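**Q** sequence-free structure coming up:
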């Protein structure tokens, strides 16, 4: 049980990538005073959690309504996560690519800090995968939701201490860590694809 929880925490940290949001947050709030910077960190974290919670609740309903099989969902979800991981590993990196999205420095809470920096497409797909009704009990899904909240709170604390984190780790260090997170995410994605393919061919037999 403890091992499973720790695995999920590390996976959620990898896909949400709290450190990777630091340069994006600092760039987005560079024209704000400290008071408003803190508001952005808190509100963006809250909004991103609500977005992920929405997909935890509604994602399964959408899949059931579309009559998507568990195998198909595991494979497609794994492919999407793998492609997302590749952008983290071989792309500009999360900080650099998301900085370019900032157009209006007066309205940055929802975009790009909450979306896509914290609640990224990869994070959304990940929480839907981790709370699939066909694989996990209500208790397990509740624990996963609590872990998502925990990682979001960790992200919020890191953003509140963003200047200190930036000085200690540096933007280059943050980029390297983001790429390592991408490797972890890629491994999970491949595992999801293999599990889906295995179950699919068992059904065919």
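**A** Looks like it came in fine. Fair warning: this is a prediction, and the values are worked out from it, not measured in the lab.

**Q** which helices and strands sit right next to the longest helix along the chain?
**A** In the chain, assigned by DSSP state H, the helix with the most residues is helix 162-204. Here helix 162-204 touches helix 2-16, helix 21-28, helix 70-90, helix 94-99, going by 3 or more CB pairs under 8 Å, 6 or more residues apart in numbering; DSSP states H and E. Where you see a C-beta, it was placed from the backbone N, CA and C, and this is true even at glycine.

**Q** tell me, how many residues neighbour the closest residue to residue 29 other than its chain neighbours?
**A** Distances taken as CB to CB, 6 or more residues apart in numbering put residue 37 closest to residue 29, at 4.5 Å, once the chain neighbours are dropped. Residue 37 has 20 neighbouring residues, counting by other CB atoms under 10 Å.

**Q** before we move on, what about residue 66?
**A** The number of residues packed near residue 66 is 9, by other CB under 10 Å.

**Q** what of residue 6?
**A** Neighbours of residue 6 using other CB under 10 Å come to 11.

**Q** just name the shakiest helix or strand of the protein by mean pLDDT.
**A** Lowest by mean pLDDT, DSSP states H and E among the helices and strands of the chain is helix 94-99, with a mean of 62.

**Q** check what pLDDT residue 203 gets.
**A** Residue 203 carries a pLDDT value of 62.
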